[in-house]
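Asker: using only what follows, build the 3D model:
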Amino acid sequence: MGQNEKGRHGAAGRLVLASCLAGTGALAASLTGASFALPAPPAAAATSPSACTGTISGVTVYGGDNQVGKVGTAYPESLQVEVVDTAGCGVANADVTFSAPASGASGEFSGGVTEVTVATSSSGVATAPTFSANSVTGNFDVVAEVDGFDVSMSLTNSTVGVASSLSVESGNAQSAPPGKAFPDPLVVSVEDGSGNPVSGTTVTFAVTAGTAGASATFAGAGTTATAQTSETGQATSPVLTAGTTSGSFTVTASVPGLSSTVSFTETVGAGTPDAITAGAGTAQQAEGGTDFAVPLAVTVTDSNGNDVGGAAVTFRAPSSGPTGVFSGSGHAVTVTTGPDGVATAPAFVAGLSAGGYVVTATVSGVSSPATFAMVNEARTDASASGPNGTYRLVTEAGRVLSSGQDAALGSLPASKLAGSKVVGMASTPNGKGYWLVTAKGAVYAFGNAKDYGSPSHVASPIVGMAAAPGGDGYWLVAKDGGVFDYGGARYYGSAGDLHLAAPIVAMASTPSGKGYWLVASDGGIFNYGDARYYGSTGKLHLLAPIVGMAAAPGGDGYWLVAKDGGVFAFGKATYYGAGTSLSPKPVTAIVPTSDGNGYWVVSANGTAAGFGDAGAQGSPTLKATSVVGGAP
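Answerer: Numbers count the residues shown, from 1 in each chain. Modelled structure (predicted):
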């Protein structure tokens with residue numbers, strides 16, 4: 001601009017363009033001392049319907065992209081796309097096809113399909129049906145396609161926060177009385193595939209009754225209850241209350257979508273004893289010194305009729321007069337009921353005093369006892385009814401007599417006695433062999449018994465022997481108390497250096513083989529090793545001398561037998577009867593049964609009077625009084 005122009009217009013004539021924006025601005029001019037405005041063009045507005053072409057020009061993601069979903073559950077946001085035309089208008093009623101992968105990490109739309117076609121709304125937005133992740137983890141795309149245009153939405157299937165495992169936390173293996181609450185609730189833990197706790201998951205607890213009808217209920221929920229897992233992934237059941245029927249039952253915990261379950265095994269215990277009822281054998285009779293045929297048994301129940309296990313029942317027979325004894329226990333024995341509420345007493349043996357009497361069975365908390373009417377029948381002979389006995393006897397001439405199932409394995413030829421005589425015998429553990437010993441100490445083995453040696457000379461005659469429990473040795477005992485050990489039988493001491501008031505007549509070993517007893521004819525007992533002293537007849541005035549002894553199977557007692565058939569029991573060896581009025585005299589030995597619940601009193605003529613569970617034989621008898629010992 002030239003100077004003149006500048007001077008002519010000056011500041012006052014200067015035109016200032018304040019704004020000129022196509023479609024949105026206005027032109028304004030300012031003149032010194034005056035101002036004015038020019039009209040602005042019309043403002044731009046949304047494309048008018050008349051301007052929309054309806055020709056699809058593209059499709060874009062409208063919602064649901066970049067989501068992470070839990071396998072097996074619906075994605076939280078809907079999958080949406082927008083379809084527009086060439087003028088940028090949303091296209092209504094356009095068919096949009098959403099497609100997910102057919103395999104691998106993917107999902108399904110409502111109806112279980114991987115492809116679905118949806119029409120757009122009036123605004124051009126197409127919303128797919130609910131889309132749920134399948135069980136495969138990983139990333140994948142869902143493609144939306146319309147009229148040749150497509151767009152992808154990125155999704156991820158994850159196991160984080162999805163229940164993958166269920167385990168018992170606490171509350172298993174509990175017991176409660178009928179009608180009472182179990183001490184603790186049932187607690188389970190739910191974790192995902194990475195071992196993280198899963199919260200907000202519903203756990204269902206369901207009671208399944210046991211075969212006997214035992215069951216329980218949850219507080220306010222019956223036999224089924226639900227609970228939600230906490231932030232730690234644990235779900236706790238309501239209080240569980242036992243039913244009225246005793247026995248075991250199960251509670252199963254499950255989680256929706258998880259095939260595996262866990263179980264709790266609980267027990268409804270019995271209440272306290274309310275009744276005691278006698279079983280079979282309430283009225284029996286047996287010959288003196290023999291077992292009653294049916295063991296005495298009772299059933300203990302509570303007020304609901306449930307069997308009470310673990311209850312202590314005491315069976316008691318009279319202490320004098322006609323009575324009997326329980327094997328291993330005497331006139332009274334206490335037995336604990338089993339899970340079925342039944343208590344069975346040991347074998348009950350009739351005493352030798354004939355007559356009737358009552359045996360009672362009592363349990364704490366019940367005033368009325370169960371009763372059994374028993375009768376001892378008179379016995380006038382050594383023989384009596386009963387099972388065949390299994391034992392062997394030996395004569396002083398070396399002849400072996402077998403009874404019952406014991407096989408005859410041989411006798412000692414007279415030529416080998418060399419002027420001596422057999423004084424004792426002992427059997428191997430399985431009964432398939434035995435040893436005989438003579439007064440001079442010579443030992444002879446039969447069957448599977450092995451010869452482990454014998455003394456070359458003895459200062460005092462041998463009077464007895466005992467086998468080592470393993471059958472790998474034996475002891476011999478002399479009249480003066482000297483002890484000789486062979487094979488695996490160890491020496492634990494002897495009475496050989498003692499001044500004896502009466503000669504030694506027999507010996508017996510403990511079950512462990514680590515000890516033995518010696519007995520003198522006056523009943524004095526000498527114990528060595530682990531053999532304990534349980535008493536003796538040494539201070540009693542005996543009508544006849546002691547001639548033999550036998551150990552109780554547990555090593556916790558022993559029997560002595562006198563020449564007149566009298567039997568003396570010590571420790572836990574039970575007295576089942578004596579042969580004083582039954583056995584021919586003289587008596588020479590006592591042979592126990594293998595279970596210790598009986599014994600035979602053996603006479604010199606071979607008569608074996610059985611007592612307890614020893615089958616009473618009474619034969620064979622010998623014309624010569626020559627039986628000197630026996631063994632089971």
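Asker: okay, now the unreliable bits of the stretch 351-500 of the chain?
Answerer: Under the criterion of pLDDT under 70, the regions of the stretch 351-500 of the chain flagged as low confidence span 383-389, 404-405.
Asker: in the stretch 451-600 of the chain, which spans are strands?
Answerer: Across the stretch 451-600 of the chain, reading from the start of the chain, the strands by DSSP state E, counting those that start in this stretch fall at 462-467, 473-478, 483-487, 504-509, 515-520, 525-529, 546-551, 557-562, 567-571, 587-592, 598-603.
Asker: so which of the ones you listed is the most surrounded?
Answerer: Mean neighbours per residue, mean count of other C-beta atoms under 10 Å, is largest over the strands of the stretch 451-600 of the chain for strand 598-603, with a mean of 29. Heads up, the C-betas are built off the backbone N, CA and C, glycines and all.
Asker: C-terminal to that strand, what's the next element?
Answerer: Once strand 598-603 ends, the next helix or strand along the chain (criterion: DSSP states H and E) is strand 608-612.
Asker: buried residues, that following strand. List them.
Answerer: Under the neighbour-count criterion of 16 or more other C-beta atoms under 10 Å, strand 608-612 has 608-612 buried.
Asker: go on, stretch 298-311?
Answerer: 298-302, 304, 306-309, 311.
Asker: off-centre distance for it?
Answerer: Distance of stretch 298-311 from its chain centroid, counting by C-alpha atoms, centre = their mean, to the nearest Å, is 22 Å.
Asker: cool, stretch 148-161 as well?
Answerer: Taking the mean C-alpha point of stretch 148-161 and that of its whole chain, the gap between them comes to 52 Å (C-alpha atoms, centre = their mean).
Asker: can I get that stretch in CSV? Just the C-alpha atoms.
Answerer: Included here for stretch 148-161 are C-alpha records, laid out as CSV according to Å, rounded to 0.1, in the frame of the first residue of the first chain:
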residue,chain,number,x,y,z
GLY,A,148,-18.4,-56.9,2.0
PHE,A,149,-17.2,-54.7,4.8
ASP,A,150,-15.9,-56.3,8.1
VAL,A,151,-14.4,-55.4,11.4
SER,A,152,-12.8,-57.6,14.2
MET,A,153,-13.3,-57.5,17.9
SER,A,154,-10.4,-59.0,20.1
LEU,A,155,-11.5,-61.3,22.9
THR,A,156,-9.6,-63.5,25.4
ASN,A,157,-10.8,-66.7,27.2
SER,A,158,-9.2,-67.0,30.7
THR,A,159,-9.4,-69.5,33.6
VAL,A,160,-8.6,-66.8,36.1
GLY,A,161,-11.4,-66.7,38.6
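Asker: quick one: contacts of it?
Answerer: In this structure, residues lying in contact with stretch 148-161 by C-beta atoms under 8 Å, 6 or more residues apart in numbering are 56-61, 64-71, 75, 79, 81, 83, 105-107, 133-134, 136-144, 192-194, 196, 198.
Asker: list the buried residues for it?
Answerer: Using 16+ other C-beta under 10 Å as the burial criterion, the residues of stretch 148-161 that qualify are 149, 151, 153, 155, 157-159, 161.
Asker: so can I have a markdown table of the residues you listed showing distance to Thr208, pLDDT and secondary structure?
Answerer: Listed next are these as a markdown table, based on distance: C-beta to C-beta, whole Å; pLDDT from 0 to 100; DSSP: H, G, I helix; E, B strand; the rest coil:
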| residue | distance to Thr208 | pLDDT | secondary structure |
| --- | --- | --- | --- |
| Phe149 | 58 | 97 | strand |
| Val151 | 53 | 97 | strand |
| Met153 | 46 | 98 | strand |
| Leu155 | 41 | 98 | strand |
| Asn157 | 35 | 95 | strand |
| Ser158 | 35 | 93 | strand |
| Thr159 | 30 | 87 | coil |
| Gly161 | 30 | 88 | coil |
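Asker: nearest to Gly523, out of these: which one, please.
Answerer: Within these, the smallest distance to Gly523 is 83.7 Å, found for Thr159 (C-beta to C-beta).
Asker: give me the nearest residue to the closest one, chain neighbours excluded.
Answerer: Once its chain neighbours are removed from consideration, Thr159 has its nearest residue in Gly193; the separation is 4.0 Å (C-beta to C-beta, 6 or more residues apart in numbering).
Asker: any idea how far the one you found is from Lys70?
Answerer: 11 Å (C-beta to C-beta, to the nearest Å).
Asker: so these two - more neighbours on which side?
Answerer: With other C-beta atoms under 10 Å as the criterion, Gly193 and Lys70 differ in neighbour count, and Lys70 comes out ahead with 21 against 15.
Asker: and the residue lying closest to Tyr533 once chain neighbours are set aside, what does it touch?
Answerer: Spatial nearest neighbour of Tyr533, excluding adjacent residues (C-beta to C-beta, 6+ apart): Asn527 at 4.8 Å. Asn527 makes contact with 515-518, 533, according to C-beta under 8 Å, 6+ apart.
Asker: could you do Tyr491 as well?
Answerer: 483, 485.
Asker: mind doing that once more with 10 Å?
Answerer: Counting by C-beta atoms under 10 Å, 6 or more residues apart in numbering, Tyr491 touches 475, 483-485, 516, 528-529.
Asker: from these, which single one is nearest Pro503?
Answerer: Sorting the contacts of Tyr491 by how near they are to Pro503, with C-beta to C-beta, puts Val483 at the top with 14.3 Å.
Asker: surely Val602 touches Phe611?
Answerer: No: using C-beta atoms under 10 Å as the test, Val602 is too far from Phe611 to be in contact (11.7 Å).
Asker: for the residue nearest to Tyr533, give the beta-bridge partners.
Answerer: Trp517 (DSSP bridges).
Asker: check what pLDDT it gets.
Answerer: Looking at Asn527, its pLDDT is 98.
Asker: same thing with Lys623?
Answerer: 62.
Asker: repeat for Ser48
Answerer: Ser48 is assigned 64 on the pLDDT scale.
Asker: can I see the domain layout of the protein?
Answerer: Residue ranges for the domains of the chain, per automatic domain parsing: 3-37, 56-158, 165-268, 275-377, 403-578.
Asker: how about these, which one is nearest Asn597?
Answerer: The minimum distance between Asn597 and the domains of the chain falls on domain 275-377, with 3.9 Å, by C-beta to C-beta.
Asker: start to end distance for that closest one?
Answerer: With C-alpha to C-alpha, to the nearest Å applied, domain 275-377 spans 32 Å between its terminal residues.
Asker: on that earlier part again, wait, doesn't the residue nearest to Thr159 sit right on Ser165?
Answerer: Yes: with contact defined as C-beta under 10 Å, Gly193 and Ser165 form a contacting pair (8.0 Å).
Asker: chain neighbours aside, what residue packs nearest to Val188?
Answerer: Across the structure, with C-beta to C-beta, 6+ apart as the measure, the residue nearest Val188 apart from its sequence neighbours is Ala253 (4.7 Å).
Asker: kindly report the same for Lys180.
Answerer: Nearest residue to Lys180 in three dimensions, chain neighbours excluded: Ala242, at 5.7 Å (C-beta to C-beta, 6+ apart).
Asker: rewinding a little: turn the domains of the chain into a markdown table, columns for distance to Thr390.
Answerer: Converted to a markdown table, the domains of the chain look like this (distance: least, C-beta to C-beta, whole Å):
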| stretch | distance to Thr390 |
| --- | --- |
| domain 3-37 | 124 |
| domain 56-158 | 70 |
| domain 165-268 | 41 |
| domain 275-377 | 16 |
| domain 403-578 | 4 |
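Asker: among these, which comes closest to Ala589?
Answerer: Distances from Ala589 to each of the domains of the chain were compared using C-beta to C-beta; the shortest belongs to domain 403-578, at 4.3 Å.
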